[in-house]
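Engineer: A structural model of the following input is requested.
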Amino acid sequence: MQIHFIAIGGSAMHNLALALHHKKYTITGSDDVIFEPSKSRLEDKGLLPEVFGWFPDKIHAHLDAVILGMHAKADNPELLKAQELGMTIYSYPEFLYEQSKNKTRVVIGGSHGKTTITSMILHVLNYHDRSVDYMVGAQLEGFDRMVHLTEENDFIVLEGDEYLSSPIDRRPKFHLYQPNIALLSGIAWDHINVFPTFDIYVDQFKIFVDSIVKGGSISYNEEDIEVKKLVEASENAIRKLPYQTPEYTVADGQTLLETPEGPMPIQIFGKHNLNNLAGAKWVCQNMGLDEDDFYEAIATFSGASKRLEKIAEGKTSVAYKDFAHSPSKVSATTKAVKEQYPNRKLIACLELHTYSSFNPEFLKEYKGALDAADVAVVFYLPESVAIKKLEAVSSEQIRAAFQRTDLDIYTNADAFKEYIFSQAFDTATLLLMSSGNYGGLDLDALKKQFIKI
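Structural biologist: Have a look, this model is predicted:
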């Protein structure tokens, strides 16, 4: 097949392009800007556009289909040409469904934890040489790409994102997959630019549960009140399999998971991650893997990229960075790190970066999110607020939202860097949380500082 990608440089889009190239499809693509690592990865396979921009002449009758990314706009010249020619135009999730409609589809949904749970499942299956197709939102150790598609594999494991499918398809991605085996990890209001009320947001998960194929199953986190209420009220003819956080202990910075064979040391930590592990175990068992085999493999799982990733360590200090940015994720991550290192001072730094986090109403959702930290810091750039065409947010609003009077707030990248590098990290833990880049903070230099401690 010959496929053209409109906005090929996105994280998801370029991985799909690489997967189809690996499948021997002929791939072309366009984008107005492509950043690393997408740029190098596309260039390595000869898929990087020679010139950035949109070129309608790339759309022609010999194409079998066009895949449209979210970065493109509805008036994109290439899209308009494809529509004019009456071509088949897929959104990213639509195309994944087309590639998997004859497979058993395993879809992991939830406001938080879905990347980690999907990563756990893939790690366990890979450990036991179980080949599956997949799409996951993070680069995994031992995997070449974030997307893998074949003709022969029976299963496909998909991370089910609730964000929109494309500029011309306003359905959440996970509405399109029609899972046979599903999981729902948690519901916490997010993406308020698309789902302006909590009720509208919750409705998207109801549609997801109702989209599960009749006779299929859903594993759900019964500790999440909204998830439990929604799944148990569903009239869909599916099996409902609740899970909860397993028993575990923490001793000397080591988390021990209780198993039928006794306590087992694992590399991940935090209640939310143990809860994710329980969900992953249910899904793996539904895919035919024994419980003992799951435990053997999960002991070697060190985490998904950007999720509680250790970036530096000294003799009595450690630093982590995490993709956490929504209130529920920030709270869970902060608590997890404090629980793992209870006798060390925890310095938790959160960068406000997303559209939602600058909304005055949504800001209130952060109440108590940093309470587990000994020192709490919020960093944001007023320019980011302006770029998103939102009203300015004041330090007073942020302090009131978090309801922490000792909250340190930085609005200048240089001042934030100076603060970080001026800290004495001996007997301390540093936690950096953001979906951005912390104002260009030099993590390599930070690592050197920890090594000296």
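
Engineer: where does the prediction get shaky in the protein?
Structural biologist: Within the chain, the segments meeting pLDDT under 70 span 453.

Engineer: what strand or helix carries the residue nearest to the spatial centre of it?
Structural biologist: Residue closest to the mean C-alpha point of the chain, counted by CA atoms, centre = their mean, is residue 115 at 4.6 Å. Using DSSP states H and E, residue 115 falls within helix 114-127.

Engineer: which neighbouring elements make contact with that helix?
Structural biologist: strand 104-109, strand 155-160, helix 271-286, helix 291-298 (3 or more CB pairs under 8 Å, 6 or more residues apart in numbering; DSSP states H and E). Placement of C-beta: from N, CA and C, glycine included.

Engineer: from the contact counts, what lies against the third one?
Structural biologist: It stands for helix 271-286. Counting contacts by 3+ CB pairs under 8 Å, 6+ apart, helix 271-286 is packed against strand 104-109, helix 114-127, strand 181-184, strand 217-221, strand 239-243, strand 254-259, helix 291-298, helix 327-340.

Engineer: one step back: now do the residue nearest to the centre of the chain against residue 138, distance only.
Structural biologist: As judged by CB to CB, to the nearest Å, residue 115 and residue 138 stand 5 Å apart.

Engineer: again with residue 50
Structural biologist: In terms of CB to CB, residue 50 sits 30 Å off from residue 138.

Engineer: more crowded one of these two?
Structural biologist: Neighbours per residue, other CB atoms under 10 Å: of residue 50 and residue 138, the larger number sits with residue 138, 19 against 4.

Engineer: sec struct for that one, please.
Structural biologist: coil (DSSP: H, G, I helix; E, B strand; the rest coil).

Engineer: show me the contacts for it.
Structural biologist: Residues near residue 138 by CB atoms under 8 Å, 6 or more residues apart in numbering: 115, 119, 146, 304, 305, 306, 307.

Engineer: ok, those residues vs residue 249, which is closest?
Structural biologist: Lowest distance from residue 249 to those (CB to CB) belongs to residue 307, with 22.1 Å.

Engineer: so what's the closest residue to the closest one other than its chain neighbours up against?
Structural biologist: Leaving out its chain neighbours, the residue that sits closest to residue 307 by CB to CB, 6 or more residues apart in numbering is residue 116, at 5.4 Å. Residue 116 is in contact with 273, 276, 303, 304, 307, counting by CB under 8 Å, 6+ apart.

Engineer: swap in residue 393?
Structural biologist: Residues in contact with residue 393, defined by CB under 8 Å, 6+ apart, are 352, 358, 360, 363, 380, 382, 385.

Engineer: from residue 377, how far off is the first one?
Structural biologist: Taking CB to CB as the measure, residue 352 falls 11 Å from residue 377.

Engineer: how many other residues sit next to the closest residue to residue 175 other than its chain neighbours?
Structural biologist: Nearest residue to residue 175, sequence neighbours excluded (CB to CB, 6+ apart): residue 207, at 5.5 Å. Neighbourhood size, residue 207 [other CB under 10 Å]: 13.

Engineer: thanks a lot, see you next time.
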